[in-house]
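Novice: curious how this folds, go ahead:
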Amino acid sequence: MKWIAHIIAPLISMVILVLLPPVKKSINTTLMGVFRDLGRIKARKRRLENSQALVGINANISNSDILFRRDDPLDGVDFDDEQQDDGAHEKTTYTLDELAEYGNGMDGKPILLSIFGRVYDVSAGSKFYGSEGNYHMFAGKDVTRALSTGCKEDECLVRSTEGLTQKQINEGRRWLSFFQLHDKYPNVGILEDDNREDWLDELIDSAMSGAGSEEGGGGVPLRPIKPSE
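Specialist: Numbering: from 1, shown residues only. Next up is the predicted model:
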């Protein structure tokens, strides 16, 4: 019977090696979502406590709605929020190359990232997005696809939603809400793209449509964003 153990043990080891990376990725993606939603709850609480910052937030959403993803993350979000336009940050239009060059956080430069065509300064979160942070690879990149899928590999750091499921798009929308409502991550510009306004309008229209989905964060399916040339 010992020979059976000698055969089964390596087989079990092989199965573990095959299954471990997907399981680890799934756990990491789940944790990313949990910490994001906790951040959304904190930002929401701060805004509710500040009567001058109520623009861009739906007071009817509960914390449990956010944690269990029953909310539409863009419901009530104002992308022209004057809180973001207080004159402290002049809006800039970036190309992908400029974003990578001027937003990489190196040599005193700010840490910038873009999602769905909007550029945010996340320098205040350098422990996450700085050179030693778990999300250092996001600095100076468009993270639309990466955050929609939970993938941090180079091939996912592209501005494309082509082929993504509605559930993945909804995840991206939650991340957009996270950055837009975060009081320490100001919107400092936009990413240059002829179609940017079209698909940002689709996001807003989706949030205002009131049509829910089983994954939460309803709305109409978005037209895929094709990779930039």
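
Novice: in which helix or strand does residue 180 reside?
Specialist: Under the criterion of DSSP states H and E, residue 180 resides in helix 166-181.

Novice: so what secondary structure elements neighbour that helix?
Specialist: If you count contacts as 3 or more C-beta pairs under 8 Å, 6 or more residues apart in numbering; DSSP states H and E, helix 166-181 packs onto helix 2-49, strand 112-115, strand 118-121, helix 144-149, helix 196-209. Backbone N, C-alpha and C define where each C-beta goes, glycine included.

Novice: what about the protein, any weak spots by pLDDT?
Specialist: Within the chain, the stretches with pLDDT under 70 are 1-26, 51-59, 76, 81-90, 193-229.

Novice: ok and whichever helix or strand comes after the helix holding residue 180 relative to helix 166-181, angle-wise?
Specialist: Per DSSP H and E, the first helix or strand lying C-terminal to helix 166-181 is strand 187-191. In terms of direction (axes from the mean of the first three to the mean of the last three C-alpha atoms, to 10 degrees), strand 187-191 departs from helix 166-181 by 140 degrees.

Novice: strand 187-191 pairs with which strands, parallel or anti?
Specialist: strand 92-94 (parallel), strand 118-121 (antiparallel) (DSSP bridges).

Novice: contacts for it?
Specialist: 84, 89-96, 99, 110, 112, 114, 117-121, 142, 159, 179-180, 196 (C-beta atoms under 8 Å, 6 or more residues apart in numbering).

Novice: any quick PyMOL command for the buried ones out of those?
Specialist: The buried residues among those can be selected in PyMOL (16 or more other C-beta atoms under 10 Å) with this line:
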select buried, resi 84+94+96+99+110+112+114+117+118+119+120+121+142+159+179+180+196
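
Novice: residue 123 is in contact with residue 113, isn't it?
Specialist: No. Counting by C-beta atoms under 8 Å, residue 123 stays clear of residue 113, with 10.5 Å between them.

Novice: what sits in contact with each of those two?
Specialist: Residues touching both residue 123 and residue 113 by C-beta under 8 Å, 6+ apart: residue 129.

Novice: neighbour-wise, which of those two wins?
Specialist: Per other C-beta atoms under 10 Å, whichever of residue 123 and residue 113 has more neighbours is residue 113, with 26 against 19.

Novice: what residues does that one make contact with?
Specialist: Here residue 113 is in contact with 99, 103, 119-120, 122, 129, 138-143 (criterion: C-beta under 8 Å, 6+ apart).

Novice: quick check: it vs residue 71, distance?
Specialist: Look at residue 113 and residue 71: by C-beta to C-beta, to the nearest Å, they are 23 Å apart.
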